[in-house]
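In: Provided below are the primary sequence and the corresponding predicted coordinates.
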Amino acid sequence: MWILSGGTYFPPSYQHAKRAFRTPEGIPIVWLPAPYHQRQKIFGRIWAFLRFTFWSLYILRRLRTRKLYLIATLPPPFLPMIGALRRVLTGERFSIEVFDAWPQVLSAKLPPFLYAPLGLFMNWSFRQADVLFALSPDIAKYLPAAHTRISYNGTRPELFRRRKTAPFLPFRVIYAGTLGWINHLSFLVEVAELLQSYRGIEFWILGDGAERTLIMRKAHSLRSVKFFEPVPVESVPDWLSECHIGISLVRPVAILSSNSANKFYDYLANGLVIGLNYGGWQAEVLRSVQCGFSASSVHSFAAGILRYYWDRESWERASARARLWATAHYNRKELSEQVVAAIEGKVGR
């Protein structure tokens, strides 16, 4: 299996001067020169998507004499359309991994004249695919049920395991991920402001994105809020292991609660108690496993943090349950084997 990638976030150790190379784990990569970053404006991102699409078409044409099975990811939005068009023209079959509830997730940001045709093309692409792999049960609700399977984003429990005992103090709350408009980090700043009298509580924000400067400006007077640059994924578990609660946030738009963000699974694997500011399937998991909380108001969210700040025995039990659940249900190796089995069930080996 080869992966076509835009290459924006490869660490320097990958030495990707060539267009085709292998990662240290042996995964073969074709690197396409279509850089993408969350700081880009909307039209810059669309252009990056288009560039990636054109390069993908070029690679597929170069490999047209080979028998290939394509697994397209969504986003970016044009890859499923490539798979669907390829199937119509050549009969070559394909599947789609749906990372977000597209195009519904764009309804709050796109004008109707763009959203409507995008929705038509998306639905046409979905009908052409062999299997649609929805990365959450809530995403699956927006897809054709007949050939939709749920395949969670998952994590690598062996990589994200807790590497040290978290300190008793400071009690650390971490957000590790993108700092964009959708991620609503201003909510966390408000929580930190409400809890600033608790000198034993720290808030770590690890990552980058379009709103990083804005969030730093809002939090400049709060000693408890600390910002850190992004780190390679292999180093993320070290940061998580210094903390007690992992945070996942979105803006108060109902469709966004269907997300399947990596951080949710990685927090669980590390044994972090999880705090969400939204409902949906992840909130249901936290309630049933008893390893976190969901609160849409700043005051309720702060109360959720304080519960574990004062009761460390509850934190220990919740932490153990989180690790066990991630290992049993969200192991990425097992999930990938299920994906392969589902495709083979449709098209053969």
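Out: All right, it came through fine.
In: the nearest residue to residue 277 once chain neighbours are set aside: how many residues sit nearby?
Out: Using Cβ to Cβ, 6 or more residues apart in numbering and skipping residues adjacent in sequence, the residue nearest residue 277 is residue 249, 5.0 Å away. Quick note: C-beta positions are derived from backbone N, CA and C, even for glycine. Residues near residue 249, counting by other Cβ atoms under 10 Å, number 22.
In: ok, residue 249 touching residue 180?
Out: No. The criterion here is Cβ atoms under 8 Å, and residue 249 misses it with residue 180 at 10.6 Å.
In: for the residue in the chain sticking out farthest from the centre, phi and psi?
Out: In terms of distance from the mean C-alpha position of the chain, residue 65 ranks first, at 34.4 Å (Cα atoms, centre = their mean). With angles defined as degrees, to the nearest 10, residue 65 sits at phi -80, psi -10.
In: show me what contacts it?
Out: Contact analysis of residue 65 by Cβ atoms under 8 Å, 6 or more residues apart in numbering lists nothing.
In: confidence score at the residue nearest to residue 277?
Out: Residue 249 carries a pLDDT score of 97 in this model.
In: what of residue 266?
Out: 98.
In: how many neighbours does it have?
Out: 26.
In: state the helix or strand in which it lies.
Out: Per DSSP states H and E: residue 266 is located in helix 262-270.
In: show me what the next helix or strand after that helix is packed against.
Out: Per DSSP H and E, the first helix or strand lying C-terminal to helix 262-270 is strand 273-276. For strand 273-276, the packing partners by 3 or more Cβ pairs under 8 Å, 6 or more residues apart in numbering; DSSP states H and E come out as strand 245-248, helix 262-270, helix 281-289, strand 292-294, helix 298-310, helix 312-329.
In: direction included, what does strand 273-276 pair against?
Out: Using DSSP bridges, the strands paired with strand 273-276 in its sheet are strand 245-248 (parallel), strand 292-294 (parallel).
In: how far out from the middle of the chain is it?
Out: Going by Cα atoms, centre = their mean, to the nearest Å, the spacing between the C-alpha centre of strand 273-276 and its chain's C-alpha centre is 15 Å.
In: pLDDT on that strand, on average?
Out: 98.
In: how about residues contacting it?
Out: Contact partners of strand 273-276, identified using Cβ under 8 Å, 6+ apart, comprise 173, 244-249, 264, 267-268, 282-283, 286, 291-295, 301, 304-305, 308, 315, 318-319, 322.
In: can you check stretch 96-106 too?
Out: Stretch 96-106 is contacted by residues 71-75, 77, 80, 83, 110, 115, 118-119, 122, 125-126, 129, 131-135, 138-139, 141-143, 151, 153, 255-256, 258-260 when judged by Cβ under 8 Å, 6+ apart.
In: could you find the closest non-adjacent residue to the spatially most central residue of the chain?
Out: Residue closest to the average C-alpha location in the chain (Cα atoms, centre = their mean): residue 261, at 2.8 Å. Distances taken as Cβ to Cβ, 6+ apart put residue 248 closest to residue 261, at 5.8 Å, once the chain neighbours are dropped.
In: and the one you found, bridged to which residues?
Out: When bridges are called by DSSP bridges, residue 248 pairs up with residue 276.
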